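Chemist: Just a sequence and a predicted model for now, questions to come.
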Amino acid sequence: MRRGVYWRLSVMMFLQYAIWGAWFSYLSVYLTELGFSGKMMGVIFNLLPLGILLAPMTGGQLADRYFATEKILAFAGLIGGVLLFLVSDAIQLQDMAVMVAFTILSLTWFVYSVIFGPTLALTNSISFQNLTSAEKQFGAVRVWGTIGWIAAGWILTFWWKAPAIMEWFEAQPGITFYSLITFQWWAVETNINPNDCFRFAAIFSVLFGLFSFALPHTPPKREGVEPLAFVKAFRMLRDRNFLIFMLISFVVTTELYFYYILTGPFLTGQLGFKKEDVPFWMTTAQLGEIITMAILLPIILPRLGVRMSLLIGVVAWPIRYLVFAIGHPWWLVLAAMPLHGFCYVFFFVVGMIYVDNTVPKDIRASAQSLWAVFVLGFGAIVGGFFAGAIKDYFTQGTGETAVTNWPAVFSVPLVITIVCAVGLLIFFREPEKAPAGELREA
């Protein structure tokens, strides 16, 4: 792989996941402040998966049969950025009644999701088509997406805290080394404009769209005899291992949303974390991703293979949810969050590689989109509603008087992920290695 290709793909991943990371970590806290119920929150978070459900018929089909992938990404980034700017400037949800705010946000967010959704699979597809060894190289590219997610969360938090931090420093007669290393300055008051998360996402989206024009030219594969690439991708479900992998991916993803949606309210409601600090502390999970993806994945995957690597990823989930169910001390909860690296990398990233190595080369984009349908589509939709419903079931009271039984909430994904690990171990078999060069062009 040429060095220039590596850096272009890496910047692409950085910008794309910075878009997502700018709004994702804080949105659940914001929706809670607006008075949205758990089910309402599930609807909002499920609009992006709903858009992803269309990906095989839209982005995947277009990239496999009609347009260069980099041009589709450029279009999505630029149009998505415009929509995000409109959302951040035109909508003042905090001044509206709950149902009015919910209706308006639902409609506008769905339109954006239809634009952004297909890019999540297409960035994987364009990477695999320009890598010579996905097992060794994809982790080094994809890790920049995690770095982008972290950067977006940190930028947002520091943006909110910057004025008060500067005032705190100016008020100190002498800044001591002790005050710096103990982060005493971090406890300053913060003025939050929730729409900033949309504004930063819009900036990253426009940059992503512009940069996509500089990506390696990746034209559609026209040698496929099936004009509808997504139909050919769906036929892959006839393969027993592929179907089992997709089904387990779906179930595992439903439990992922207990982490994505509920960790913010858990940190603020159970452990007393300040709401403005949530985006910062949530990024500790992505720090675990960086270490796992950049260092461990290239070593473990070639040695243990797909099946055992997937199993490592699934087993890490119940360990994390066990700590969340215990719920104390606070430092143990924070220490468990980097396990997200094992959860995500060894299941989802290895899963992306498995899909790319399994399907014919003329349907790569559609196959990645199909995987996204099971994971980011159906899995996320069911997971969002499921997590929200479980939270509501174990919550007594409403508004500021609401009390949630967090140990009971996190016991649900704990049990389900254990079942997934057992199912993977029993039913999934290691795919046979294809002859060198058969599945991938250099």
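Modeler: Looks like it came in fine. Numbers count the residues shown, from 1 in each chain.
Chemist: use CA for all of it now, contacts and neighbours both
Modeler: OK.
Chemist: after the helix or strand of the chain with the lowest mean pLDDT comes which helix or strand?
Modeler: None of the helices or strands of the chain scores lower by mean pLDDT, DSSP states H and E than helix 177-181, at a mean of 53. Counting by DSSP states H and E, the next helix or strand C-terminal to helix 177-181 is helix 196-212.
Chemist: Could you pull up phi and psi at residue 53?
Modeler: Torsion angles at residue 53 (phi, psi; degrees, to the nearest 10) stand at phi -60, psi -30.
Chemist: Contacts only, for it.
Modeler: Shown in contact with residue 53 (C-alpha atoms under 8 Å, 6 or more residues apart in numbering): 372, 373, 377, 378.
Chemist: switch the cut-off to 6 Å
Modeler: Going by C-alpha atoms under 6 Å, 6 or more residues apart in numbering, residue 53 touches 373, 377.
Chemist: contacting residues for residue 139?
Modeler: 293, 294.
Chemist: Quickly find the element holding it.
Modeler: helix 134-171.
Chemist: Give the rounded mean pLDDT of stretch 157-172.
Modeler: Taken as a whole, stretch 157-172 has an average pLDDT of 67.
Chemist: Just the buried positions in whatever helix or strand residue 380 lives in, please.
Modeler: If you go by DSSP H and E, residue 380 is part of helix 380-393. Judged by neighbour count using 16 or more other C-alpha atoms under 10 Å, the buried positions of helix 380-393 are 380-392.
Chemist: Next SSE downstream of it?
Modeler: That would be, after helix 380-393 and using DSSP H and E, strand 395-396.
Chemist: For that next one, give me every contacting residue.
Modeler: Applying C-alpha under 6 Å, 6+ apart, the set of residues contacting strand 395-396 is 402, 403, 404.
Chemist: For the last one, give me phi and psi.
Modeler: This means residue 404. Backbone torsions for residue 404, taken as degrees, to the nearest 10, come to phi -110, psi 140.
Chemist: The first one too?
Modeler: Note on residue 402: backbone dihedrals following degrees, to the nearest 10 are phi -70, psi 140.
Chemist: and it, how many residues sit next to it?
Modeler: Residues lying near residue 402 (other C-alpha atoms under 10 Å) number 11.
Chemist: tell me the contacts of it?
Modeler: Residue 402 makes contacts with residue 396, as judged by C-alpha under 6 Å, 6+ apart.
Chemist: The stretch 201-350 of the chain: helices as residue ranges?
Modeler: Ranges of helices within the stretch 201-350 of the chain are 229-234, 240-269, 278-291, 297-326, 330-336, 340-343, 350-358, based on DSSP state H, counting those that start in this stretch.
Chemist: repeat for the stretch 1-150 of the chain
Modeler: Using DSSP H, counting those that start in this stretch, helices in the stretch 1-150 of the chain cover 3-33, 38-52, 61-65, 69-90, 98-116, 119-129, 134-171.
Chemist: among the ones you listed, which gets the worst mean confidence?
Modeler: Looking at the helices of the stretch 1-150 of the chain, the bottom one is helix 61-65 with a mean of 66.
Chemist: would JSON lines of the helices of the stretch 1-150 of the chain with distance to residue 283 be doable?
Modeler: What follows is the helices of the stretch 1-150 of the chain, written out as JSON lines (distance: least, C-alpha to C-alpha, whole Å):
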{"stretch": "helix 3-33", "distance to residue 283": "9"}
{"stretch": "helix 38-52", "distance to residue 283": "19"}
{"stretch": "helix 61-65", "distance to residue 283": "32"}
{"stretch": "helix 69-90", "distance to residue 283": "22"}
{"stretch": "helix 98-116", "distance to residue 283": "22"}
{"stretch": "helix 119-129", "distance to residue 283": "20"}
{"stretch": "helix 134-171", "distance to residue 283": "5"}
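Chemist: Out of the ones you listed, which is closest to residue 421?
Modeler: helix 134-171 (22.5 Å; C-alpha to C-alpha).
Chemist: is it possible to export the buried residues of helix 380-393 to TSV including pLDDT and distance to residue 347?
Modeler: Output for those, formatted as TSV (pLDDT from 0 to 100; distance: C-alpha to C-alpha, whole Å):
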residue	pLDDT	distance to residue 347
380	77	15
381	78	19
382	86	19
383	85	17
384	77	19
385	80	22
386	88	21
387	87	20
388	83	24
389	87	25
390	90	24
391	87	25
392	86	29
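Chemist: Point out where the stretch 251-400 of the chain drops to low pLDDT.
Modeler: 276, 279, 398-400 (pLDDT under 70).
Chemist: sorry, back to before: so which of the contacts of strand 395-396 is the closest to residue 361?
Modeler: In terms of C-alpha to C-alpha, no member of the contacts of strand 395-396 lies closer to residue 361 than residue 404, at 48.5 Å.
Chemist: Near the closest one, how many other residues are there?
Modeler: 19.
Chemist: Enumerate the beta-bridge partners assigned to it.
Modeler: Going by DSSP bridges, residue 404 is paired in beta bridges with residue 395.
Chemist: Look up how far residue 256 lies from it.
Modeler: Distance of residue 404 to residue 256, given as C-alpha to C-alpha, to the nearest Å: 19 Å.
Chemist: Among the helices of the stretch 1-150 of the chain, which comes closest to residue 308?
Modeler: helix 134-171 (14.3 Å).
Chemist: measure residue 151 to residue 296 for me?
Modeler: Separation of residue 151 from residue 296 (C-alpha to C-alpha) stands at 22 Å.
Chemist: Residue 377 too?
Modeler: 28 Å.
Chemist: wait, which of the helices of the stretch 201-350 of the chain is closest to residue 10?
Modeler: helix 278-291 (13.1 Å).
Chemist: Centre of the chain to the closest one, how far?
Modeler: Relative to its parent chain, helix 278-291 has a centroid offset of 12 Å by C-alpha atoms, centre = their mean, to the nearest Å.
Chemist: Of all the residues in it, which ones are buried?
Modeler: 278-291.
Chemist: Next up, the contacts around residue 384.
Modeler: Residue 384 is in contact with 42, 257, counting by C-alpha under 6 Å, 6+ apart.
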